[in-house]
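Asks: Take this sequence and fold it.
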Amino acid sequence: MIGRLTGLVIESAPGQLLLDVGGVGYEVEISLTTYAHILEIQGLETQGLETQGPVTVHTHLVVRDDAHLLYGFASAGEREMFRTLIKVNGVGPRMALGILSGLDSVSFARAVTGNDVKALTALPGVGKKTAERLIIEMRDKVDSFDVDVSGSDNLSTMTINVIEDAESALIGLGYRPQEAARAISRVSDPAEDVESLIRQALTILMQSRQ
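Replies: Here you go, the predicted model:
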């Protein structure tokens, strides 16, 4: 089992990564959350560029009759969530990767614990029955994942509607869903209104791009 890879990014695109590890090129399928993380830590603004420093991804190998597929994740927590997702009836590796592409680990955990069927059905390939199944089977498991929940305690003081409206506004401004969710989770001063939350999240987003 290949559990982790550290190497240089030779090629990158949304959902795909070619990693050079000691002269061997590994093709790795990644979530959009992991892809955005790789661009962020490498200081890259565009896709497809070779990075200057090493990148580490936590991996999960899926063996099929016709292929060996390697999936990579920016954190051990995201990989653990992927492994738990594919154990849910009706959720395969592709769908699990799509779920983690549409919502980062913290946002997914929030949707599950908040019984947010709407947020889950907005993900590609996830219908209402699958969303309900995810909530039932994942509710007792998300707390055990090693995810970056900095700022998540603050989110408990905000209403779900305020969070959703702020995320929608940020997406409308051109930010990716995972960027918007991550910025809101990092707000240090809980906001009771949408406008205040948006301003604080925008400050975090602009600082991360400097």
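
Asks: What segments of the protein are strands?
Replies: 4-13, 16-21, 24-30, 55-63, 68-73 (DSSP state E).

Asks: on contacts alone, who are the packing partners of the first one?
Replies: Secondary structure elements in contact with strand 4-13, counted by 3 or more Cβ pairs under 8 Å, 6 or more residues apart in numbering; DSSP states H and E, are strand 16-21, strand 24-30, helix 32-42, strand 55-63. Using the backbone N, CA and C atoms, a C-beta is placed for each residue, glycine as well.

Asks: contact partners of the shortest one?
Replies: Strand 16-21 is touched from outside by 5-12, 25-30, 35, 38, 55, 57, 72, with contacts defined as Cβ atoms under 8 Å, 6 or more residues apart in numbering.

Asks: Give me the sheet partners of that strand and which way each runs.
Replies: Taking DSSP bridges as the criterion, strand 16-21 forms sheet pairs with strand 4-13 (antiparallel), strand 24-30 (antiparallel).

Asks: Same question for the last one.
Replies: Applying DSSP bridges to the sheet, strand 55-63 is found paired with strand 4-13 (antiparallel), strand 68-73 (antiparallel).

Asks: max-length helix in the chain?
Replies: helix 194-208 (DSSP state H).

Asks: Please state the offset of that helix from the chain centre?
Replies: 19 Å (Cα atoms, centre = their mean, to the nearest Å).

Asks: if we can go back for a sec, let me know which of the helices and strands packed on strand 4-13 is tucked in deepest.
Replies: Scoring the helices and strands packed on strand 4-13 by mean neighbour count under mean count of other Cβ atoms under 10 Å gives helix 32-42 as the most buried, with a mean of 20.

Asks: any idea of the angle that one forms with strand 24-30?
Replies: Computed by axes from the mean of the first three to the mean of the last three Cα atoms, to 10 degrees, the angle separating helix 32-42 from strand 24-30 equals 120 degrees.

Asks: any idea of the mean pLDDT in stretch 199-210?
Replies: Computed over stretch 199-210, the mean pLDDT rounds to 76.

Asks: Stretch 6-22 now?
Replies: 88.

Asks: Just the endpoints, please. Distance across it?
Replies: When the termini of stretch 6-22 are compared using Cα to Cα, to the nearest Å, they are 9 Å apart.

Asks: thinking again about what came up before, right, and the helices and strands packed on strand 4-13 - which one's nearest A76?
Replies: A76 lies closest to strand 55-63 among the helices and strands packed on strand 4-13, at 5.0 Å (Cβ to Cβ).

Asks: Could you verify my assumption that G102 touches A181?
Replies: No - in this structure, G102 is not within contact of A181 by Cβ atoms under 8 Å, at 9.5 Å.

Asks: Spit out the contact partners of R182.
Replies: R182 neighbours (Cβ under 8 Å, 6+ apart): 104, 106-107.

Asks: Filter those down to just the buried residues.
Replies: Neighbour counting by 16 or more other Cβ atoms under 10 Å classes 104, 106-107 among the contacts of R182 as buried.

Asks: Confidence-wise, which of those residues comes last?
Replies: Among these, D104 has the weakest pLDDT, 71.

Asks: still on that earlier bit, which one of G102 and A181 has more residues nearby?
Replies: A181 (28 against 24; other Cβ atoms under 10 Å).
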